[in-house]
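Q: Mind looking at a prediction? Sequence and model below.
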Amino acid sequence: MGKSKEAEIKRINKELANIRSKAPFPSSASGDKALDGYSKKKYVCKLLFIFLLGHDIDFGHMEAVNLLSSNKYTEKQIGYLFISVLVNSNSELIRLINNAIKNDLASRNPTFMCLALHCIANVGSREMGEAFAADIPRILVAGDSMDSVKQSAALCLLRLYKASPDLVPMGEWTARVVHLLNDQHMGVVTAAVSLITCLCKKNPDDFKTCISLAVSRLSRIVSSASTDLQDYTYYFVPAPWLSVKLLRLLQCYPPPEDAAVKGRLVECLETVLNKAQEPPKSKKVQHSNAKNAILFETISLIIHYDSEPNLLVRACNQLGQFLQHRETNLRYLALESMCTLASSEFSHEAVKTHIDTVINALKTERDVSVRQRAADLLYAMCDRSNAKQIVSEMLRYLETADYAIREEIVLKVAILAEKYAVDYSWYVDTILNLIRIAGDYVSEEVWYRVLQIVTNRDDVQGYAAKTVFEALQAPACHENMVKVGGYILGEFGNLIAGDPRSSPPVQFSLLHSKFHLCSVATRALLLSTYIKFINLFPETKATIQGVLRAGSQLRNADVELQQRAVEYLTLSSVASTDVLATVLEEMPPFPERESSILAKLKRKKGPGAASALDDSRRDTSNNDINGGVEPTPSTVSTPSPSADLLGLRAAPPPAAPSVPVGGNLLVDVFSDGPTAQPSLGPTPEEAFLSPGPEDIGPPIPEADELLNKFVCKNSGVLFENQLLQIGVKSEFRQNLGRMYLFYGNKTSVQFQSFSPTLVVQTKRVAAQVDGGAQVQQVLNIECLRDFLTPPLLSVRFRYGGTAQSLTLKLPVTINKFFQPTEMAAQDFFQRWKQLSLPLQEAQKIFKANHPMDAEVTKAKLLGFGSALLDNVDPNPENFVGAGIIQTKALQVGCLLRLEPNAQAQMYRLTLRTSKEPVSRHLCELLAQQF
């Protein structure tokens, strides 16, 4: 178009002016008689091209509609093309368009009918479906319809069905549509298979007769020579696309009940496996791709049936040959298919014969995705006979594994070690090795689990105490090791206290040497361990009381540590030995339940992995310790804003409501910490429902401005006037959050009927707030899925007899559930390219509202929640970030790039995420911060 953007715009404007001057479009008073068909077609085509270049077109629509009534193919084609691209379903012209389409469908001219069907499919709106859904099946099964029309009708019906399933009335047409599988024209059969495959997923019984027809057609294709279907032979492979579609259709049903049909199908599958062993008829990659596509779909059908041992073993052997193929994609697909085969009782042993090849792939593969599939296959083929070998190899691989899959490898090792542990000392060694090798990737679920098992098994407690004591002596010790060590020594340190090398003073000294290097949550756990030591080892009482009495503890800036130090010091000084022993007695065994590690792996792998993880074939005789609530180190702690007492921020209890009240995406999970009670629901006085949305007034005018202040920070004053101050302190981790709301009465008069409410279930606060006093409300928050609108907070009270009310937006935005993600430049750009769909990107260019300071910008981006990546952008002035929005339903990957232009005092912000509404919302939120 032009050498620059300016030249292109100039050229386009000139062309638009030329079209307007020569074409009397409907906006002019002269009408459109001056234009002949060719001119209309030419100008409409130019307008379409200008639109595709990214420029708005606000005229010419009527001319395109007029082209539909032309009897010339080229004019009608351009008219339909323009309408398919530019006219939306709400257009005023839709009635005229529908009339033109109806005329073409009734014309019996196959070319015009195909154009009309293509337009219906391209637009695909519900309005189109309502207008034509009843006519298209009739065209599809009509005896006098041309083959090309049948193809177009089948695919058009498929498009409408996917958009609006309720509009497609298939009842009376079902048998005749299925019969299309016998059509002589292979194109019609191919289109019909796509339609039937989609329809039978919703109504399998109605289309059950397609099984025998599909087997018959597949048999004819598989047994044919490449010369029999010359028009549909692709590089010596007859009808590969139709073959794959037929095999996928058969996967919608169980094995055929008719013995003759089943025998014919087995014969087809064996023929495909036999052909895979034949030398290739061509060296071209298209031949091997087509041949392998049919082979892998055949293996998928064999796995789906899971009833033919001979075929399953043959499929496994065929896949085993691909494990060392030079083509990376084949190795990947082979590993992926063998993961499923490993869950079959017929082929599990055959899969295990390839263990050495899979281990070698784990060590030597260059492609990280192939290595990940190899790890998945090792996990799937593991049983009691090879568990130690596989766990050992996975631990060895973990030392050099890619960061992206380390957490998943850790989870799998932890599950396998627990599931197939004959000797629980081996299990303890394995988990401690995990923490040593990849401590940063050992989630809370993993070390919670080892504490549950050690607590529940008397025979391993002494060994665990001894082993963890030795592990803590390493100069560089991961914090998770300190947590495990603190808990186990606090509970079972007495079992190794007889050895002078691990005497009580030595145990305490070892743990306390790690104290100052740990986070607040770990220090809180260690303080609980110290008070346990006073009960277990009275000789350490004076030393520990000295630590608790130290100013750094009693006057600690963190309220949780200060409270523990004060309470534990008082408890150890005031309580008698018997009382102390009762309060600090050993933790009871945890109740049995599903392993939280397995549940986490299921969430991480997604719903599609459920069958691989819930493998009923596996030996479950060793699962006698099957979970419990997350352990707490002490029963005498009080939750506080900064505490995470081994589970304060863990997954919500099962009794928490799974669907938020009032339609919000946030719920209060009613949990101040884990407990071993059988029910975690609200107590009777707490189980009330806050007012619905209709009872809450609109937010105050400055609500959005107040909300924006908290996008990049978690604490501060949310609202303040002459009567009331509302403060917020919150913390978020993955998809969970805890928020503290502080309501302060700034007057000297008591507030009456004080009622702060949200459109969720929440706990009551005091109905009276004295003058100068403050009350606190705690919210535990879980993000179920991505959301755009924050919850509303309505505060009502009476001051001096006058009713007061205000509604605010609670500072809970989607970015609060960001998990920062570090990645190398290569990984960033690879992921950036993957998120290349137009709807996945949101971009905004805006003027700076605040001074452009690099450090302030950096702090805001970190507060926003993303990780800042260095040495990624070629321009060092730009900021690049990455993170994952954690919700219960899904994870949304997010990449961002902020380009400041100090000279122009402008920013350009680009966000790409895997979900379109999230991209736009995050872009708007972040742009308002600069």
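A: Received, thanks.
Q: Would you check that Y424 makes contact with I453?
A: Yes: counting by CB atoms under 8 Å, Y424 does reach I453; the two are 7.0 Å apart. From N, CA and C alone the C-beta is placed, and that goes for glycine too.
Q: Leaving out sequence neighbours, find the closest residue to V189.
A: Once flanking residues are discounted, V189 sits nearest to D183: 5.3 Å by CB to CB, 6 or more residues apart in numbering.
Q: Which residues are in contact with the one you found?
A: Applying CB atoms under 8 Å, 6 or more residues apart in numbering to D183 gives the contacts D147, K150, V189, A192.
Q: Nearest to K541 among those?
A: Taking CB to CB as the measure, K541 sits nearest to A192 out of these, at 83.4 Å.
Q: So what touches the one helix or strand the closest one maps to?
A: Assigned by DSSP states H and E, A192 falls within helix 186-202. Helix 186-202 has contacts (CB under 8 Å, 6+ apart) with 147-148, 150-152, 154-155, 157-158, 161-162, 165, 168, 170, 177-178, 180-181, 183, 206-208, 210, 214, 217, 229, 231-232, 239, 241-242, 245-246, 248-249, 252-253.
Q: CA atoms only: put that helix into CSV for me.
A: The C-alpha trace of helix 186-202 is given here as CSV (Å, rounded to 0.1, in the frame of the first residue of the first chain):
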residue,chain,number,x,y,z
MET,A,186,-16.1,-39.4,-0.5
GLY,A,187,-16.4,-35.6,0.1
VAL,A,188,-20.0,-36.0,1.3
VAL,A,189,-19.0,-38.9,3.6
THR,A,190,-16.1,-36.8,5.1
ALA,A,191,-18.4,-33.9,5.8
ALA,A,192,-21.1,-36.2,7.2
VAL,A,193,-18.7,-37.9,9.6
SER,A,194,-17.7,-34.6,11.1
LEU,A,195,-21.3,-33.7,11.6
ILE,A,196,-22.3,-37.1,13.0
THR,A,197,-19.3,-37.1,15.4
CYS,A,198,-20.4,-33.9,16.9
LEU,A,199,-24.1,-34.8,17.1
CYS,A,200,-23.6,-38.3,18.6
LYS,A,201,-21.7,-36.8,21.6
LYS,A,202,-24.9,-35.3,22.8
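Q: after it, next one along is what?
A: With DSSP H and E, the next secondary element past helix 186-202 is helix 210-222.
Q: Sketch out the low-pLDDT regions of this protein for me.
A: Applying pLDDT under 70 to the chain flags the ranges 1-3, 22-35, 88-91, 225-228, 592-696, 759-764.
Q: try it again with 50
A: When residues are selected by pLDDT under 50, those of the chain lie in 25-32, 607-694.
Q: Please spell out which residues along the lengthiest helix in it are buried.
A: Of all the segments of type helix in the chain, defined by DSSP state H, the longest one is helix 285-305. Within helix 285-305, the residues scored as buried using 16 or more other CB atoms under 10 Å are 287-305.
Q: Which elements pack onto that helix?
A: strand 237-238, helix 240-250, helix 259-277, helix 309-322, helix 328-341 (3 or more CB pairs under 8 Å, 6 or more residues apart in numbering; DSSP states H and E).
Q: hang on, the earlier thing: distance of the residue nearest to V189 from N122?
A: Noted for D183: a distance of 25 Å to N122, by CB to CB, to the nearest Å.
Q: Check Q230 too.
A: The spacing between Q230 and N122, counted by CB to CB, is 32 Å.
Q: When these two are compared, which one has more neighbours?
A: Per other CB atoms under 10 Å, whichever of Q230 and N122 has more neighbours is N122, with 15 against 8.
Q: pretty sure that one contacts S84?
A: Yes: judged on CB under 8 Å, N122 makes contact with S84 at a distance of 3.9 Å.
Q: Need the residues touching each of these two.
A: Counting by CB under 8 Å, 6+ apart, N122 and S84 have no common neighbour.
Q: What ranges does the stretch 301-450 of the chain have for its helices?
A: Counting by DSSP state H, counting those that start in this stretch, the stretch 301-450 of the chain has helices at residues 309-322, 328-341, 348-352, 355-364, 368-381, 387-398, 403-419, 424-438, 444-456.
Q: Most tightly packed of the helices and strands packed on helix 285-305?
A: For the helices and strands packed on helix 285-305, the largest average neighbour count (mean count of other CB atoms under 10 Å) is found in strand 237-238, namely a mean of 24.
Q: Can I get stretch 408-421 in PDB? Just the C-alpha atoms.
A: Extracted C-alpha coordinates of stretch 408-421, given in PDB (Å, rounded to 0.1, in the frame of the first residue of the first chain):
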ATOM      1  CA  GLU A 408       5.100 -31.600  39.000                       C
ATOM      2  CA  ILE A 409       8.000 -34.000  39.300                       C
ATOM      3  CA  VAL A 410       8.100 -33.300  43.100                       C
ATOM      4  CA  LEU A 411       4.400 -34.200  43.400                       C
ATOM      5  CA  LYS A 412       4.800 -37.400  41.400                       C
ATOM      6  CA  VAL A 413       7.800 -38.600  43.400                       C
ATOM      7  CA  ALA A 414       6.000 -37.900  46.700                       C
ATOM      8  CA  ILE A 415       2.900 -39.800  45.500                       C
ATOM      9  CA  LEU A 416       4.900 -42.800  44.200                       C
ATOM     10  CA  ALA A 417       7.100 -42.900  47.300                       C
ATOM     11  CA  GLU A 418       4.000 -43.000  49.600                       C
ATOM     12  CA  LYS A 419       2.000 -45.400  47.400                       C
ATOM     13  CA  TYR A 420       4.600 -48.100  46.900                       C
ATOM     14  CA  ALA A 421       6.600 -47.700  50.200                       C
END
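Q: could you give the angle of the longest helix of the chain to helix 309-322?
A: Using axes from the mean of the first three to the mean of the last three CA atoms, to 10 degrees, the direction of helix 285-305 lies 140 degrees away from that of helix 309-322.
Q: Please export the C-alpha coordinates of helix 285-305 as CSV.
A: Output in CSV follows, covering the C-alpha atoms of helix 285-305 (Å, rounded to 0.1, in the frame of the first residue of the first chain):
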residue,chain,number,x,y,z
VAL,A,285,7.3,-36.5,4.9
GLN,A,286,3.7,-36.1,3.7
HIS,A,287,3.5,-39.9,3.3
SER,A,288,4.8,-40.7,6.7
ASN,A,289,2.6,-38.0,8.3
ALA,A,290,-0.6,-39.4,6.7
LYS,A,291,0.3,-43.0,7.5
ASN,A,292,1.2,-42.2,11.1
ALA,A,293,-1.9,-40.1,11.7
ILE,A,294,-4.1,-43.2,10.9
LEU,A,295,-1.8,-45.4,13.0
PHE,A,296,-2.0,-43.1,16.1
GLU,A,297,-5.8,-42.8,15.7
THR,A,298,-6.0,-46.6,15.4
ILE,A,299,-4.0,-47.0,18.6
SER,A,300,-6.3,-44.4,20.4
LEU,A,301,-9.3,-46.6,19.4
ILE,A,302,-7.6,-49.7,20.7
ILE,A,303,-6.9,-48.0,24.0
HIS,A,304,-10.4,-46.7,24.1
TYR,A,305,-11.9,-50.2,23.7
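Q: Now do it against helix 210-222: the angle between them, please.
A: Using the same axes, to 10 degrees: helix 285-305 against helix 210-222 is 150 degrees.
Q: Tell me how many other residues surround N735.
A: N735 has 22 nearby residues by other CB under 10 Å.
Q: hang on, isn't it packed against A889?
A: No: counting by CB under 8 Å, N735 does not reach A889; the two are 9.1 Å apart.
Q: Determine the residues that are contacts of both of the two.
A: Residues within reach of N735 and of A889 at once, by CB under 8 Å, 6+ apart, are L784.
Q: Thank you, goodbye.
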